[in-house]
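> mind folding the following:
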Amino acid sequence: MSRRFLLAYFDGIEQQLLNLPNHYIEQFSATILTRERGSLKLRIRFRRKYLLAVSEALLVIEGQVTQIDYRYHFQDEKNQIIFRYDSTPHFPDLATFPHHKHLPDVVITADKPALSQVFQEASTLAEAKG
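Here you go, the predicted model:
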């Protein structure tokens, strides 16, 4: 039964990607590992130079797909970080621990964003930077 929740989640991500401007998908790997576990790996290019790499470890809990670990990394054509959200527990003093956001020169508190928000943030920044 949980398999259908993972399939619906993956379908929803695919639908969100259809609405993004000026992008192409280098990788879309949606894997069902067990009935309750899955993983998502994406590589999306914006304006042919900015890269958004997405990695999620997924678990279905009471009919909801939950990210038990995630990394949303956005970089420019010189492989310089623009932002990265992740849940790696390496900043225990942040109020949103283990969730946080890396910027080019600082790490800040940040709740886990919805993947749709990350898509929009990356798209908006890519358009603004040209």
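> so after the helix or strand where D11 lies, what's the next helix or strand?
When elements are assigned from DSSP states H and E, D11 belongs to helix 2-18. Using DSSP H and E, the helix or strand that directly follows helix 2-18 along the chain is strand 23-32.
> just checking, what packs against that following strand?
Here strand 23-32 touches helix 2-18, strand 37-46, going by 3 or more CB pairs under 8 Å, 6 or more residues apart in numbering; DSSP states H and E. Placement of C-beta: from N, CA and C, glycine included.
> separation between H100 and V65?
From H100 across to V65, the span is 22 Å (CB to CB, to the nearest Å).
> go on, V118?
Distance of V118 to V65, given as CB to CB: 16 Å.
> swap in F97?
For F97 relative to V65 (CB to CB), the value is 23 Å.
> check contacts around the closest residue to S116 other than its chain neighbours.
In this structure, S116 finds its nearest non-sequential neighbour in Q16, 5.5 Å apart by CB to CB, 6 or more residues apart in numbering. When contacts are counted by CB atoms under 8 Å, 6 or more residues apart in numbering, Q16 touches 115-116, 119.
> any of the residues you listed buried? List them.
With burial judged by 16 or more other CB atoms under 10 Å, the buried subset of the contacts of Q16 is 115, 119.
> what about the contacts of Q16, which are in helices?
Among the contacts of Q16, the ones falling in helices (DSSP state H) are 115-116, 119.
> tell me the one of these nearest K49?
F119 (16.8 Å; CB to CB).
> my read is that the closest one contacts Q15, right?
No - using CB atoms under 8 Å, F119 is not in contact with Q15; the gap is 11.3 Å.
> nearest to L7 among the ones in helices among the contacts of Q16?
Of the ones in helices among the contacts of Q16, the one sitting nearest to L7 (CB to CB) turns out to be L115, at 16.1 Å.
> contacting residues around that closest one?
Contacts for L115 were tallied using CB under 8 Å, 6+ apart; they are 13, 16, 54, 56, 72.
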